[in-house]
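Dropping the sequence and predicted coords here.
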Amino acid sequence: MRLGVFVSYFRFNTDTYDRLRAEKLGVIFVQNGVYHATVKENGKTSPLLEKSADFYALKEDLETNGFKSSDVDSRVKVVTFNDLVDVMFNDYEKLVWL
Amino acid sequence: MRLGVFVSYFRFNTDTYDRLRAEKLGVIFVQNGVYHATVKENGKTSPLLEKSADFYALKEDLETNGFKSSDVDSRVKVVTFNDLVDVMFNDYEKLVWL
Amino acid sequence: MGKLTIGSFTSLIGSMSLDFAVKLAESAVNKGYKVDFWVSGNATMLGKKNQSKFRDYSYLAKTVQDLIATGNFRFCICEVCAKARGIHKEDAMEGVLIHSMDWYLASCFDADRVLHIGGE
Amino acid sequence: MGKLTIGSFTSLIGSMSLDFAVKLAESAVNKGYKVDFWVSGNATMLGKKNQSKFRDYSYLAKTVQDLIATGNFRFCICEVCAKARGIHKEDAMEGVLIHSMDWYLASCFDADRVLHIGGE
Amino acid sequence: MAIRKLAFIVDKLPHKTETSRLALTHAIASQTVEIYLEDGDNVEPFLVFIGDGVLNCVKDQKAIDIYGVTSLGMHIQNALLVGLNVYVCKEDLEKFGLTEDSIIMDAAHLGGELKTQIIPYTEIEKRVEACDHLLFF
Amino acid sequence: MAIRKLAFIVDKLPHKTETSRLALTHAIASQTVEIYLEDGDNVEPFLVFIGDGVLNCVKDQKAIDIYGVTSLGMHIQNALLVGLNVYVCKEDLEKFGLTEDSIIMDAAHLGGELKTQIIPYTEIEKRVEACDHLLFF
């Protein structure tokens, strides 16, 4: 299956996230999830980025929280709401919000 | 200071909890906080119980979630809402809800 | 073009998940998709009429009404969730549908994509 | 006997923090304490009139009204938080006070204990 | 004529918030969905409890006595009663030291025949893979 | 004649939920509290950002442009403008690799004189110890 996973929290129990598998897996950071794409804690990037997946971060939510595209980890693609609709319809068939 | 700390979550970022210090510290498990007093994960009790503090768990919330007083860790005192009012007024002067 | 069904529980203002969901719906409708938007739990507050606009509080009522006016957007609140919160038929905004939870499942039936926004 | 001031933001029904807070207030009033209960954010929903009672949804409106009737319990909703959610003076339950946030701080001024229930 | 399978996945705790409850009430609402659909069409929801979500299944929850609100346990019994499949992750139960005896396994006292199914996570994955839409609560 | 010190402590993130915002709006409401109090009595709130809460202070938040709602940054400037002390935990800023340059340090462009104070956690503890009531958001 092609599965798109929305992550809206920075702090959450990641047991479910860690377990999710799919032929094609996408992780979309929105709301406070965007901190996974931008901040380092004690110099370390988010462990969520270690999963084998395509990563996206919502531009509007990055900016809401004071970040620019240049602050985003190189593994993460910045998308707008407009882009996100295409990602949802073209790249994934099932979507979940953790 | 005499500080009473309410814990209503099972999963939460415990950075603030770990840092809190007081001459007299009380931790009151309510709502889903009661799981800290009752469940073991992989055989281990909650790390929150390792703090130097007096622990309480709300009887009504234990029962709401299907637990009895006999399921509660021996370090934790079971209190009712009625008891809790006394604890708040007699044993602590400042109260926080994490 | 396909149909997107969005379901959300999270409260108006107190959570920005609903702001996210409304903006996503808007983008999808603008691109020509049909969107069904189901709100239950605290999200039913978004169906309440007479919400006031202040700078310190997000305000989604206008966008929802504009989207309804396009004809490609259905907005439905859970009847019993709303009533429990004191939101009855006469308290609802114009154009808002009020149904039982089965409406949402029926919408999922012929949806091409479903985004169910659970959480707290 | 002393005074307890409780402040809560969390939503009606969607979160059970408000159920906890109302039960705590009830126990304190029964023991002879005075309680001020401030609700802002989504918790202002608790001040809405005509909440319906269903088994699948917690129902606090009756307890709040009984507590108000004791004369030892003041229940105040944040005016602007409520208006943003479409809850205006005419939508409020009887006996409910409506003030700005400064009311809460004034209540904290002479409170013996303050329990501020933040969180999500 | 089509059946759409919907997976209702609960990985959060009961009672503090409304999410687990809404998973149950929405899934049970499938009983009346046909009024909106054409003859022969239907949805088939099933419930999955994983991670912390397995704690929703613990027996003897007293929410109705204490807070006057239906417990998650009662909702799970209702789901079994109307014939919804309820899957609970074996490994996660074990992680919390729970067994068949500690959780709600049936609604026999209400006349229900269906039982809760405790299955390994790999089996849950197969069922999730086979569904049309995923709803995480 | 008494002054009650109230500590408003923010350890959660901005924007997703309303909690950080309500910390700021409630603290700022102290400007008008005297109408309820006797002459000479007052409350003195101060704001503390610790843990994840320090991320509320990051500059250039565009919440107003994107979601039409005041950003946490704007609220912090308002707090400084009305003369509330704003303390930010030094160690937590450093943990996230943030500096004075990355956060809101003043409301100078609005005519404010007060500056954000970056102090070690032990200093925050002293201020919290000295307050009458603690409000965690």
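Thanks, I have it.

Name the nearest residue to C:S8, sequence neighbours excluded.
C:I117 (4.3 Å; C-beta to C-beta, 6 or more residues apart in numbering or on different chains). Any C-beta I mention is one placed from the backbone N, CA and C, and that applies to glycine too.

same question, A:V39
Nearest to A:V39 is F:F96, by C-beta to C-beta, 6+ apart, at 5.3 Å.

Spatially central residue for chain E, please.
In chain E, the centroid-proximal residue (C-alpha atoms, centre = their mean) is E:L47; its distance is 3.6 Å.

so where do the strands sit in chain E?
Using DSSP state E, the strands of chain E run over E:3-10, E:42-49, E:86-89, E:117-119, E:133-136.

Any buried residues in the first one, and which?
Of the residues in strand E:3-10, those scored as buried under the neighbour-count criterion (16 or more other C-beta atoms under 10 Å in any protein chain shown) are E:4, E:6-10.

of these, closest to D:L67?
Using C-beta to C-beta, E:V10 comes nearest to D:L67 of these, at 34.1 Å.

shaky segments in chain C?
C:120 (pLDDT under 70).

Try it again at 80.
Low-confidence segments of chain C, defined by pLDDT under 80, are located at C:119-120.

which one is C:D91 nearest to, not counting chain neighbours?
Nearest to C:D91 is C:K48, by C-beta to C-beta, 6+ apart, at 5.7 Å.

burial count for A:F29?
31 (other C-beta atoms under 10 Å in any protein chain shown).

ditto for the one 3 residues further on
A:N32 is surrounded by 25 other residues when neighbours are defined as other C-beta under 10 Å.

can you tell me how far E:M74 sits from chain D?
9 Å (C-beta to the nearest C-beta, to the nearest Å).

Now that that residue has come up, it's in contact with E:D60, right?
No: using C-beta atoms under 8 Å, E:M74 makes no contact with E:D60, being 11.0 Å away.

Which one's more surrounded, the two?
Set E:M74 next to E:D60 and count neighbours by other C-beta under 10 Å: E:M74 wins out with 19 against 13.

tell me the contacts of that one?
The contact partners of E:M74, by C-beta atoms under 8 Å, 6 or more residues apart in numbering or on different chains, come to E:61, E:64.

Same question for C:K89.
Here C:K89 is in contact with C:I98 (criterion: C-beta under 8 Å, 6+ apart).

so how far is C:A61 from it?
Between C:K89 and C:A61 the computed distance is 17 Å (C-beta to C-beta, to the nearest Å).

just to revisit the earlier point, contacts only, for the residue nearest to the centre of chain E.
E:8, E:10, E:23-24, E:27, E:76, E:79, E:84-87.

what residue ranges in the chain are flagged as low confidence?
Assuming you mean chain A. Using pLDDT under 80, chain A has no residue that qualifies.

wait, chain E
Scanning chain E residue by residue, none of them satisfies pLDDT under 80.

all helices for it, in order.
E:19-28, E:63-66, E:72-81, E:90-95, E:121-129 (DSSP state H).

A:F89 and C:V35 touch, don't they?
No: using C-beta under 8 Å, A:F89 makes no contact with C:V35, being 11.8 Å away.

The two: who's more crowded?
Neighbours were counted for A:F89 and for C:V35 using other C-beta under 10 Å; C:V35 has more, 25 against 17.

Would you verify that that one is located in a strand?
Yes: secondary structure of C:V35 (DSSP: H, G, I helix; E, B strand; the rest coil): part of a strand.

The closest residue to E:K62 other than its chain neighbours - how many residues pack around it?
Using C-beta to C-beta, 6+ apart and skipping the chain neighbours, the partner closest in space to E:K62 is B:E63 (4.1 Å). Neighbourhood size, B:E63 [other C-beta under 10 Å]: 18.

So which elements touch the helix or strand containing B:E63?
Taking DSSP states H and E as the criterion, B:E63 maps to helix B:59-64. Packing partners of helix B:59-64 (3 or more C-beta pairs under 8 Å, 6 or more residues apart in numbering or on different chains; DSSP states H and E): strand B:76-79, helix E:63-66.

Tell me which other helices or strands the last one touches.
Using 3+ C-beta pairs under 8 Å, 6+ apart as the contact criterion, the neighbours of helix E:63-66 among helices and strands are helix B:59-64.

from the middle of its chain, how far away would the helix it packs on be?
13 Å (C-alpha atoms, centre = their mean, to the nearest Å).

interface residues of chain C facing chain E?
For chain C, the contact set with chain E under C-beta under 8 Å from any C-beta of the partner chain comprises C:7, C:9, C:40-42, C:100-106, C:108-109, C:111, C:114, C:116, C:118-120.

Quick one: mark the members of those residues that sit in strands.
Going by DSSP E, the strands hold C:7, C:114, C:116 from the residues of chain C next to chain E.

Let's have these in CSV, adding neighbour count and distance to F:V33.
Below are these laid out as CSV (neighbours: other C-beta atoms under 10 Å in any protein chain shown; distance: C-beta to C-beta, whole Å):
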residue, neighbour count, distance to F:V33
C:G7, 28, 42
C:V114, 25, 48
C:H116, 27, 43
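
Closest to F:V69 out of these?
Out of those, the member with the shortest distance to F:V69 (by C-beta to C-beta) is C:G7, at 23.2 Å.

The closest one touches C:W38, doesn't it?
Yes: between C:G7 and C:W38 there is a contact under C-beta under 8 Å: 4.4 Å.

which residues are in contact with both of the two?
C:Y104.

which stretches of chain C form helices?
C:17-30, C:61-70, C:79-84, C:102-109.

what does chain A give?
So, for chain A - with DSSP H - the helices run A:15-19, A:35-38, A:59-64, A:81-86.

Wondering if the shortest one reaches chain F at all.
It stands for helix A:35-38. Yes: using C-beta under 8 Å from any C-beta, we find that helix A:35-38 touches chain F at A:Y35.

Packing partners of that helix?
strand A:54-58.

Just want the angle from the strand it packs on to helix C:17-30.
If you take axes from the mean of the first three to the mean of the last three C-alpha atoms, to 10 degrees, strand A:54-58 sits at 100 degrees to helix C:17-30.

Mind listing the strands strand A:54-58 pairs with, and their directions?
strand A:24-29 (parallel), strand A:76-79 (parallel) (DSSP bridges).

Centre of the chain to it, how far?
With C-alpha atoms, centre = their mean, you get 4 Å for strand A:54-58.

Flag every buried residue along that strand.
Buried residues in strand A:54-58 (16+ other C-beta under 10 Å): A:54-58.

Any buried residues in stretch A:10-18, and which?
Buried residues in stretch A:10-18, defined by neighbour count with 16+ other C-beta under 10 Å: A:10-14, A:16-17.

can you list the residues of chain A near chain F?
Applying C-beta under 8 Å from any C-beta, one finds that chain A approaches chain F through A:8-11, A:31-32, A:35, A:39-43, A:60, A:63-68.

related to what we said a few turns ago, quick check: the gap between the residue nearest to C:S8 and C:V39.
10 Å.

out of the two, which sits in the more crowded spot?
Remark: of C:I117 and C:V39, C:V39 carries more neighbours, 29 against 23, as counted by other C-beta under 10 Å.

tell me the contacts of the more buried one?
C:7-9, C:18, C:46-47, C:75-78.

which of those residues has the most neighbours?
C:F9 (30 neighbours).

Ignoring the adjacent residues along the chain, who's closest to that residue?
C:G41 (3.6 Å).

most tightly surrounded among the strands paired with strand A:54-58?
Across the strands paired with strand A:54-58, the average number of neighbours (mean count of other C-beta atoms under 10 Å in any protein chain shown) peaks for strand A:24-29, which reaches a mean of 22.
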